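Enquirer: Give me the fold of what follows.
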Amino acid sequence: MKWVLLFAAFFFLVGNISAQLTPEQRIQDSVIGWWSNNKFDHLKPQTDAIGKKREVHVNKMLEWMKKSYTPVGGLGTSSRYIDKLGYGVLCYVWNVSHDKQWTEPNGNFRPIPEENTPFWIAANRIFGSYTIPYLQKPNEYYFTMQPNGYAANSQFMEYGKKADPRIHPNAYKYITWINDWQSVYLTPNNKLPFIAVTKGELLQQAEEALDKQWTYEMKDVQEKWPGNKKTQDEVLVIRKKTIEKYRNNIQKLRERHQSSLNEPAVIRAMQPTMYSFELDPDIFKIDKAEKALNQGFNVYRVDPALYAKLQSDTPQWIAVAFPFQTKEKGNQLYEMYTALSQNFNYEYAYNYFFDPEKVKGIPYKPANEDQLIARLNGYRKKNTSSVNPATKPVGLPANTFFFDDFSSGSEGADPANWFFNKYGKHSIITSVKNQPGMWLQLGYNNSVTPSLLKKPIPENFTLEYDILTDGEFSSRTGGAATLVLNSRVANTNGNESNGGNGTRVSIDVISGNEAAYNSNNYMGILRINISSVPTNNKQNFSEGIFFEYPLTEFSNKKTKVHVSIKVTSGVLAVLINNKQVAISTDFKLAYGGKCVTCGLPEGTKFNTIFWKNSTSDADNIKIYMGNVKIVKN
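Expert: Numbers count the residues shown, from 1 in each chain. You can find the predicted model right below:
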């Protein structure tokens, strides 16, 4: 369909305008793949028989991973490892950039340091588990494990509800475990071989460990006060009393829980020490808040027989672990999650290790391979397409410079011809209950900017847009959106540039809770900041002029607000619901002084415009933007 038939995409005062995405913008949809550099792989060739067999297994794991997952929007790396008890591959997908500092001499990508997401395939490794050094013994160890459904906090709990509780049908045949990780465990008979520890056993082992604790205390005291026998004796008396206190506590806990000593030990501490065995709080008492987040931790034991098997060349179990990601987290992370949940061939991997005759002579192929190929081809097709030109529709005033009401978008789709970073939560087109038309749901702290906006925008202009928030919030603030206008040209990656001379305007629109109307504690606010380099507006090392207005028009009851920014001859005014509430001639310096340049420097023209979601509780409260229009004054 030709764009002349669309009445609400991108429209400019001048006729047809075409544009191309920058190379940096195209990264978001690029099929990038795995780094050919083995910089992160330090595994040396194995020399003993067991090590050689493990190395074969590790190489197979890496082969399967690379056939199942091709990184999109990022660069994949791998690091093989072989330890005493386990072995496998730690992989990462990294952010990349066309910036010269992040590319090889031949122009190929290299990872941007520290900007990565890990995922694993490993033998004999448990994800979301924590060793208990206090209880360890030679050839035997204890650990806790985050339970299925564990969440670190309520936001993670809500986010996790978006996931399939068994990850994906591709993994249903096997053990799936969701905590900090989404893990699929492959093991004979679908039974993990470690032993659940009972309350009675835990208390017995904790009491026996006090003797080891006493040995540690004596050594610690001798090292801290060498040659000072008097001080050593005095400190040891105190420490001996502490140990006896916890010995007594353990005995009382045994009496308190006498009727349930044979039940599995579920405790409140991830890594209990001697000091965890208090009577209040009771180590076995999981309070209401902890239960709501599944924060009771089972204690497990690896016995000597299993410990010996873990050192062999035959894995006792295989784990594939990766973090949960949704579409709003962007192509890079969502493709990683999709490939590992839907396209890793768990059945082949299981048979390779535990029923090898079934795959003898059969090469590895990804599960749901047709879907994988189609998905990757979709990215490639999208990245080779051009940005379509836009035309001004019939009916808009002649001085309209830009307009978008998102009505050409479909539910859940990316906003056409708007750029945003797909590494994090990003914006999507959506409908909103009881509101006409389509809206852009803003992704948290992830700026969106129109790709086809003719730059600079006129020196004298009016920018209008609607902001809408969820109404049901009990916190002091609800949805919040920030608009940024910058005279500096955007970076090559589409992000805002703040280097060099220029002027920047930021406008925060924050909704408040009407319950605070009468307590002088209402937090809804319109906040405006104008800063320039060079500047005349400087006070006590702070630069810029500021203005705040209590935004009672935008709340948990009044969930929609119309914002207008009008610039005329360098004077900036802001209107809320068509009523002027701020003008730059009234703005103040940071510490209350009168402004020197009370508006925009002469000749200021804006080259970039960004909106972003700045909501405090963005996981639970949504913010939407719509009906964006720029007209020339």
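
Enquirer: Could you point out the bridge partners of Asn298 in the sheet?
Expert: Met145, Val266 (DSSP bridges).

Enquirer: Which elements pack onto the lengthiest helix in the chain?
Expert: Using DSSP state H to define each element, the chain has its longest helix at helix 229-256. Where contact means 3 or more C-beta pairs under 8 Å, 6 or more residues apart in numbering; DSSP states H and E, helix 229-256 is packed against helix 199-224. Every residue, glycine included, has its C-beta placed from N, CA and C.

Enquirer: Enumerate the positions of the helix it packs on that are buried.
Expert: 199-203, 205-207, 209-210, 213, 217, 221 (16 or more other C-beta atoms under 10 Å).

Enquirer: Any chance of the residues you listed in CSV with pLDDT as columns?
Expert: Listed next are those as CSV, based on pLDDT from 0 to 100:
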residue, pLDDT
Lys199, 98
Gly200, 98
Glu201, 98
Leu202, 98
Leu203, 98
Gln205, 97
Ala206, 97
Glu207, 97
Ala209, 97
Leu210, 97
Gln213, 95
Glu217, 94
Val221, 95
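
Enquirer: any weak-confidence spans in this structure?
Expert: Within the chain, the ranges that satisfy pLDDT under 70 run 1-22, 25, 383-395, 421-424, 492-494.

Enquirer: Quick check: the residue of it positioned farthest from its centre vs Glu223, distance?
Expert: Within the chain, the residue lying farthest from the chain centre (C-alpha atoms, centre = their mean) is Lys230, at 54.5 Å. Distance, Lys230 to Glu223, using C-beta to C-beta, to the nearest Å: 16 Å.

Enquirer: can you check Trp35 too?
Expert: 46 Å.

Enquirer: With Gln251 instead?
Expert: 31 Å.

Enquirer: go on, Ser410?
Expert: In terms of C-beta to C-beta, Ser410 sits 68 Å off from Glu223.

Enquirer: now Asn529
Expert: 56 Å.

Enquirer: can you check Thr242 too?
Expert: Here Thr242 is placed at a distance of 18 Å from Glu223 (C-beta to C-beta).

Enquirer: repeat for Ser447
Expert: Ser447 is 54 Å from Glu223, by C-beta to C-beta.

Enquirer: from the middle of its chain, how far away would the helix or strand Ala305 falls within be?
Expert: Here Ala305 sits within helix 304-309, counting by DSSP states H and E. Distance of helix 304-309 from the chain centroid (C-alpha atoms, centre = their mean, to the nearest Å) equals 38 Å.

Enquirer: Pull the helix or strand just after that helix out as PDB, backbone CA atoms only.
Expert: Using DSSP H and E, the helix or strand that follows helix 304-309 in sequence is strand 318-322. What follows is strand 318-322, C-alpha atoms only, in PDB (Å, rounded to 0.1, in the frame of the first residue of the first chain):
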ATOM      1  CA  ILE A 318      23.100 -31.500  31.900                       C
ATOM      2  CA  ALA A 319      21.700 -28.000  32.400                       C
ATOM      3  CA  VAL A 320      20.900 -25.300  29.900                       C
ATOM      4  CA  ALA A 321      20.200 -22.000  31.700                       C
ATOM      5  CA  PHE A 322      19.200 -18.600  30.400                       C
END
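
Enquirer: I'd like the numbering to begin with 496 instead of 1 from here.
Expert: All right, first residue 496 from here; so that's strand 813-817.

Enquirer: quick one: contacts of the helix or strand that strand 813-817 is followed by?
Expert: Using DSSP H and E, the next helix or strand after strand 813-817 towards the C-terminus is helix 826-833. Helix 826-833 has contacts (C-beta atoms under 8 Å, 6 or more residues apart in numbering) with 523-524, 564, 566-569, 588, 590, 612, 614, 677, 817-822, 870, 874, 917-918.

Enquirer: Among the residues you listed, name the buried ones.
Expert: Counted by 16+ other C-beta under 10 Å, these give 523-524, 564, 566-569, 588, 590, 612, 614, 677, 817, 819-820, 822, 870, 874, 917-918 as buried.

Enquirer: Quick check: can you list the domain ranges of this structure?
Expert: Following automatic domain parsing, one gets these domains for the chain: 516-619+805-873, 694-797, 882-1127.

Enquirer: wait, which of these is closest to Leu681?
Expert: With C-beta to C-beta as the measure, domain 516-619+805-873 is the member of those nearest Leu681 (4.3 Å).

Enquirer: Run the chain-centre distance for that closest one.
Expert: Using C-alpha atoms, centre = their mean, the offset of domain 516-619+805-873 from its chain centre is 19 Å.

Enquirer: now the helices: where do they sit in this protein?
Expert: 518-521, 544-563, 649-655, 694-719, 724-751, 783-787, 799-804, 826-833, 841-849, 864-879.

Enquirer: Which stretch among these approaches Ala760 most closely?
Expert: helix 694-719 (4.2 Å).

Enquirer: wait, doesn't Ala658 sit right on Gln820?
Expert: No. Ala658 is beyond contact range of Gln820, at 9.4 Å (criterion: C-beta atoms under 8 Å).

Enquirer: returning to that earlier point: dump the buried residues of helix 694-719 into a markdown table; add distance to Glu750 as well.
Expert: Listed next are the buried residues of helix 694-719 as a markdown table, based on distance: C-beta to C-beta, whole Å:
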| residue | distance to Glu750 |
| --- | --- |
| Lys694 | 12 |
| Gly695 | 12 |
| Glu696 | 16 |
| Leu697 | 15 |
| Leu698 | 10 |
| Gln700 | 17 |
| Ala701 | 15 |
| Glu702 | 13 |
| Ala704 | 19 |
| Leu705 | 17 |
| Gln708 | 22 |
| Glu712 | 26 |
| Val716 | 32 |
